[in-house]
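Engineer: Quick one, structure for this:
(3 chains)
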Amino acid sequence: MENELHSSRWENFAVSDASLSDACEAGSRIHACIADLYPFCRSLTGNENRKTLAYLQKVLPELLVKEVPSGTDVFDWTVPPEWNVTEAWLEDPSGNRIVDFAKYNLQLVSYSEPVDAKLSLDELQLHLHSLEDQPDVIPYRSTYYNRTWGFCLPHRERVELPEGEYHAVIRSSLDESGSLTYGEWYKAGETDEEFLLSCYICHPSMANDSLSGVALLTELGRWLQTQSTRYSYRIVFVPETIGAIAWLANQSMENLVKIRHGLVATCCGDKGPFTYKRSRQGEAEIDRIVEHLLATKSNHETIVEDFFPIGSDERQYCSPGFNLPVGSLMRSRYHTFPQYHTSADNLDFVTAKALGESFAAYQQVIEIAESNETYITKVPYCEPQLGRRGLYPTTGGVNARTDTMQAMMWLLNLADGRHDLLAIAQRGGVDFSVLAAAAKSCRNNGLIELANGQFIERLS
Amino acid sequence: MENELHSSRWENFAVSDASLSDACEAGSRIHACIADLYPFCRSLTGNENRKTLAYLQKVLPELLVKEVPSGTDVFDWTVPPEWNVTEAWLEDPSGNRIVDFAKYNLQLVSYSEPVDAKLSLDELQLHLHSLEDQPDVIPYRSTYYNRTWGFCLPHRERVELPEGEYHAVIRSSLDESGSLTYGEWYKAGETDEEFLLSCYICHPSMANDSLSGVALLTELGRWLQTQSTRYSYRIVFVPETIGAIAWLANQSMENLVKIRHGLVATCCGDKGPFTYKRSRQGEAEIDRIVEHLLATKSNHETIVEDFFPIGSDERQYCSPGFNLPVGSLMRSRYHTFPQYHTSADNLDFVTAKALGESFAAYQQVIEIAESNETYITKVPYCEPQLGRRGLYPTTGGVNARTDTMQAMMWLLNLADGRHDLLAIAQRGGVDFSVLAAAAKSCRNNGLIELANGQFIERLS
Amino acid sequence: MENELHSSRWENFAVSDASLSDACEAGSRIHACIADLYPFCRSLTGNENRKTLAYLQKVLPELLVKEVPSGTDVFDWTVPPEWNVTEAWLEDPSGNRIVDFAKYNLQLVSYSEPVDAKLSLDELQLHLHSLEDQPDVIPYRSTYYNRTWGFCLPHRERVELPEGEYHAVIRSSLDESGSLTYGEWYKAGETDEEFLLSCYICHPSMANDSLSGVALLTELGRWLQTQSTRYSYRIVFVPETIGAIAWLANQSMENLVKIRHGLVATCCGDKGPFTYKRSRQGEAEIDRIVEHLLATKSNHETIVEDFFPIGSDERQYCSPGFNLPVGSLMRSRYHTFPQYHTSADNLDFVTAKALGESFAAYQQVIEIAESNETYITKVPYCEPQLGRRGLYPTTGGVNARTDTMQAMMWLLNLADGRHDLLAIAQRGGVDFSVLAAAAKSCRNNGLIELANGQFIERLS
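Structural biologist: Coordinates of the predicted model:
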């Protein structure tokens, strides 16, 4: 696997030679993390969620685990009772155990209520779920807010079930005095302006949907632990929807307005081209950063979608009262690949290489966000003389200008307090990292300074 | 005809099965109305205009007939003398009556002054009008503000006129003590905000140009009489240009600012695809409504044109001092079809089916305008829990979302006081009527309320 | 040449038959001027620059010649010492004079310091410049701010230089008590709002780059001398970069804000299609004028480029503190043709016809700028009755409307104080000169007046 990782071209995302090895190692670690977490029977609540977070604490020792009691009102919602399962199985008329939760948790409908019943095949059918058009896979189903129970199985098996008496047993608990569990990791930067990273921990054995985001953000946290940053970073590991709502309900408005950028991480492990779903704001800085990155770093067609109110937790972060600048960076988006919400979204569907590419993309989003300052020139009238500062080719008349020169000329012309570096990079068609380096050099030479809200007025 | 109407697909405009029968009947009635009004010799003024309005009063009893005396100053213009004709004919050297107004009013140039003269063919030619490139049809000509007289005839006949003495007789009157006549129909709605519908009654036997608009708006008035509406509706039947100017001169500015939407109806009866000419504002709500409707309901390519200051009475409504939100919804626009302003714009050129489609389009414009409210959510933070209100599928994980669900999610996310329903329908790609129904449902559930100028501030 | 000029179609720029002869004569005079100035060894400073300006004074007697002493600080720069050359040559080991400044000034690197040295071929190579990929031409090189010396020659000759002792002699002076010379021509118009025209005089024998702009602006000045204009016109003849900076340093901010339009003229003499480089503002009136003109008057594809901070003196005029509305109208832009900055940019590369076309384009830019007023209607409510003012066809119903009628209708509808004539011409698709004539006619008839900042409010 390592060989394959290193030898093949990274067509989906360009990584410098210097970074390739790190990204490959990250991809491998993310895949290993997914594999470790895959068997846990996560749901909205329960002990397997706590086990998942405990596992992540080995990588992120600062990860805090928080509990919100069942019955707590969070905005328009109420935290549900805590669900745990000790045993669940289905036996056919001959006593064969044809479904066993202990072997494959996906076969139990999540949040199934307890049952111990003998049923005819007709009665049982009301509690079975399968996919007629994908007869070999098991669908993933949940019944969070409707008390019932059920089993999932391949349609091919379902149609061959014999008549007779079936025995269905689910030993589950729905505990009103339990709680919902989420994880939150925070690393302070130079400022208290925040970059929010969010993933969901409520899915059982789903590798790309849910777990790829959990494992990727964990690896990103590992890297951020070693970085000194301008922004503060917060990673939240929440059950989807109710968990994000509960987390939001726990924040003060004063804290939420510090969120400058945000991404929901999911579906990051398949080989498909990158997909970016914009924040509801649509032209937030995070939107501009990700779109610029994908446009300049991916050799494949990438997909950029406007925000839509169906999807993952960006639905909550981007509800109209919050309207936070939170987008979602994925490979193949949920609902668009046939493996989605089936047993085929498994460990074979996600690859270390794809995960490494996605990791590198998240990393570069952060690197751009960190350097994307707005500068104002200290030499606004005519060009500064770069030559006497050692910044200009000394023999005139040469056609070729280096990339750095181009970047510097664009920077000095557009450093008017109205263009951030990203806007300059896009306007000038120059590489962001070359531009950021030029900005550092010009700042050291006293040619520009941080704008801090100042700008140059137009003569009139 | 009825059979043809019902059996063929309505390709130009989608009508629900429930509405098809009504639209077909409307189309047939509109065509019959055109046929009845076709023989009258309408002009800027005169008794035939009064007869036309009297005919319409049978359908619209509340239609008021108003007179503006000749010589009245209306803005930059003066109402002309009233024109009436008792007799007009032209005899060739052999005494054959080759043109007779009594048989076909189009052959007399409108507003011809009286004459009783014997002329050589050369002298007569100065008073004849024909179309060299359409030798079989009779052109329509007028001489409203230049005192002269003339006859119109097919070019094929004109070139064969023999030499000799012709006798031209026109017994017309141009009465300085007469008046200009227009009709005005008003139906109060819940508010005094107005929807203005305008057509022109100054053309003699022209079926598509002029009469199709007159008859369609009359039928629309018949329907509006049975509706309870939010807007008040005003239909004006005016001679083109001077009549619209006289009508505007009779309004107070206070009343004109109540006009929220307006359409000039003409050329609604041919089989061509729909054409919409935008208001001068260009992005007024009426423009957005009609464009959305045509984009979603017509199977044919439709034409949307920016406002231009040559055309019909939108020229006056959209003069820069008024700049009212008045567009024009047509089939083939004037100046674009060869029958325009000729004897070929006759009863065969307009069809009951095309008129029915156009009627349905006007009706749906009104239906959208009536429901196009702007809402603000009462649950701005995170999504409301639709499940406990019976508005959400209870088994999670199902890929398919119903259209209603989609519409509701879009509504709740964008009900921020800044998006009207039309903007939400377009942004979400959801059907307007489904969205309007979802809005009603959400409003009944207390999830949204009318915005009335409130909006949700962006966090910052 | 005259025959060729007159007979062939002017495909790059449409000129009326009436103007063609003038434009042809202008083209011939511009070409002759380039030929006369071609042999002078211009640079940033020196006597040959003064000779160049003295030559131009024969055409433009009001041209002022200004001197800025070496060592003067101008913004971030310092005026360099004055450079003059009396003699420069290179002899090969056999004593053959293989390079002689007296014969071809381009072979001496501009601003070479004095030298009298005998060198081996290896030592000499460090001071030679040639183009490997264009082995037959001599490159143009300068060393303004780095003290060294050098010679330029065809690569084909360079590779055949024999081993042995070479003799290099440059009798040049770099005089700290000298000065930089520039020319400035000003003609007052009705207002003190200015149109700035700028070209650069620092290149030695370069025909298209540099000299075509110098000669074209001189010819434009000759024409402007005969015109009575609304704007005041200023033509500056400066050494590139340092000269433009020195000129700017000599202006008060109060004067600079009077600049309403500006163009840098260069590369105007080759046969390529027109190129317009926008001002940094991007949508300044000058940008709109030139783009409209090229879109409507050129039969060839033209190129419009956004501003970029590499190029000629627009870099200084458009530095962020000034941000003046200065673009650059060229044929083939610098850096895009292989002759650029080589001996192939010579008198054969520029043609009288191309120069005549470019002259006509500059002339029409000025003509549009002069007439591009913003009007407000005095008849805002409904259309004015054009007929009684003799401005409307008196027989109604005729399909055809003359171009003038179209222009007048557009003008009266959009004369709301928010649209200048150019905006109306573009919106209505009418010819600017027809529209300008219609505006004159409507103004004479009292229908419109200059807006002077007034505009018509939207009813609401």
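
Engineer: From the structure, what's the count of residues near residue A:422?
Structural biologist: Around residue A:422 there are 23 other residues, counting by other CB atoms under 10 Å in any protein chain shown. Using the backbone N, CA and C atoms, a C-beta is placed for each residue, glycine as well.

Engineer: show me what contacts it?
Structural biologist: Contacts for residue A:422 (CB atoms under 8 Å, 6 or more residues apart in numbering or on different chains) come out as A:285, A:288, A:289, A:292, A:368, A:372, A:432.

Engineer: Verify the contact between the fourth one and residue A:369 for me.
Structural biologist: No: Residue A:292 is not in contact with residue A:369 according to CB atoms under 8 Å; the separation is 11.2 Å.

Engineer: In helices only, show me the contacts of residue A:422.
Structural biologist: Among the contacts of residue A:422, the members found in helices (DSSP state H) are A:285, A:288, A:289, A:292, A:368, A:432.

Engineer: how about the fourth one, what does it touch?
Structural biologist: In this case it means residue A:292. Going by CB under 8 Å, 6+ apart, residue A:292 touches A:368, A:422, A:425, A:426, A:432.

Engineer: now swap in residue A:245 and tell me
Structural biologist: By CB under 8 Å, 6+ apart, the neighbours of residue A:245 are A:74, A:75, A:77, A:316, B:382, B:383.

Engineer: part of a helix, is the last one?
Structural biologist: No: note on residue B:383: no helix contains this position according to DSSP: H, G, I helix; E, B strand; the rest coil, which reports coil.

Engineer: in the stretch 151-300 of chain A, which spans are helices?
Structural biologist: Along the stretch 151-300 of chain A, the segments classed as helices by DSSP state H, counting those that start in this stretch run A:155-158, A:212-224, A:242-249, A:253-256, A:285-297.

Engineer: mind putting the ones you listed in a markdown table, mean pLDDT included?
Structural biologist: Shown next, in a markdown table, are the helices of the stretch 151-300 of chain A (pLDDT from 0 to 100):
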| stretch | mean pLDDT |
| --- | --- |
| helix A:155-158 | 98 |
| helix A:212-224 | 98 |
| helix A:242-249 | 98 |
| helix A:253-256 | 93 |
| helix A:285-297 | 96 |
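
Engineer: Adding distance to residue C:52 as columns, could you present the ones you listed in a markdown table?
Structural biologist: Shown next, in a markdown table, are the helices of the stretch 151-300 of chain A (distance: least, CB to CB, whole Å):
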| stretch | distance to residue C:52 |
| --- | --- |
| helix A:155-158 | 89 |
| helix A:212-224 | 62 |
| helix A:242-249 | 72 |
| helix A:253-256 | 67 |
| helix A:285-297 | 46 |
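
Engineer: Nearest to residue B:114, out of those?
Structural biologist: For residue B:114, the closest of the helices of the stretch 151-300 of chain A is helix A:285-297, at 74.3 Å, according to CB to CB.

Engineer: which non-adjacent residue is nearest the closest residue to chain C within the stretch 301-450 of chain A?
Structural biologist: Nearest residue of the stretch 301-450 of chain A to chain C (CB to the nearest CB) works out as residue A:380 at 3.0 Å. The spatially closest residue to residue A:380, leaving aside those adjacent along the chain, is residue C:321, at 3.0 Å (CB to CB, 6 or more residues apart in numbering or on different chains).

Engineer: Assign the residue in the stretch 301-450 of chain A positioned nearest to chain B to helix, strand or coil.
Structural biologist: Nearest residue of the stretch 301-450 of chain A to chain B (CB to the nearest CB) works out as residue A:321 at 2.9 Å. Reduced to three states with three-state DSSP, the structure at residue A:321 is coil.

Engineer: Over to residue A:436?
Structural biologist: Using three-state DSSP, the structure places residue A:436 in helix.

Engineer: how about the closest residue to it other than its chain neighbours, what does it touch?
Structural biologist: Excluding the flanking residues, the one nearest residue A:436 by CB to CB, 6+ apart is residue A:371, at 4.2 Å. Residue A:371 makes contact with A:421, A:432, A:436, A:439, according to CB under 8 Å, 6+ apart.

Engineer: Strands along the stretch 101-250 of chain A, start to end?
Structural biologist: Ranges of strands within the stretch 101-250 of chain A are A:115-120, A:128-129, A:151-152, A:165-175, A:179-187, A:194-200, A:232-238, based on DSSP state E, counting those that start in this stretch.

Engineer: Name the strands paired with the first one and say parallel or antiparallel.
Structural biologist: Here strand A:115-120 is paired, per DSSP bridges, with strand A:165-175 (antiparallel).

Engineer: same question, the last one
Structural biologist: With DSSP bridges as the criterion, the sheet partners recorded for strand A:232-238 are strand A:179-187 (antiparallel), strand A:194-200 (parallel).

Engineer: so how far is it off the chain centroid?
Structural biologist: Centroid displacement of strand A:232-238 relative to its chain, using CA atoms, centre = their mean, to the nearest Å, is 11 Å.

Engineer: Compute the inter-axis angle for it and helix A:212-224.
Structural biologist: Angle, strand A:232-238 to helix A:212-224, by axes from the mean of the first three to the mean of the last three CA atoms, to 10 degrees: 150 degrees.

Engineer: angle of strand A:232-238 against helix A:242-249?
Structural biologist: 140 degrees.

Engineer: and strand A:232-238, average pLDDT?
Structural biologist: For strand A:232-238, mean pLDDT is 98.

Engineer: what's next to that strand, contact-wise?
Structural biologist: With CB under 8 Å, 6+ apart as the contact definition, strand A:232-238 has outside contacts at A:52-53, A:56, A:60, A:63, A:182-189, A:191-202, A:214, A:217-218, A:220-221, A:224, A:244, A:246-247, A:258, A:313.

Engineer: With the fourth one instead?
Structural biologist: If you take CB under 8 Å, 6+ apart as the criterion, strand A:165-175 is touched by A:70, A:80-93, A:95, A:101, A:108, A:111-121, A:124, A:127, A:147, A:149, A:151.
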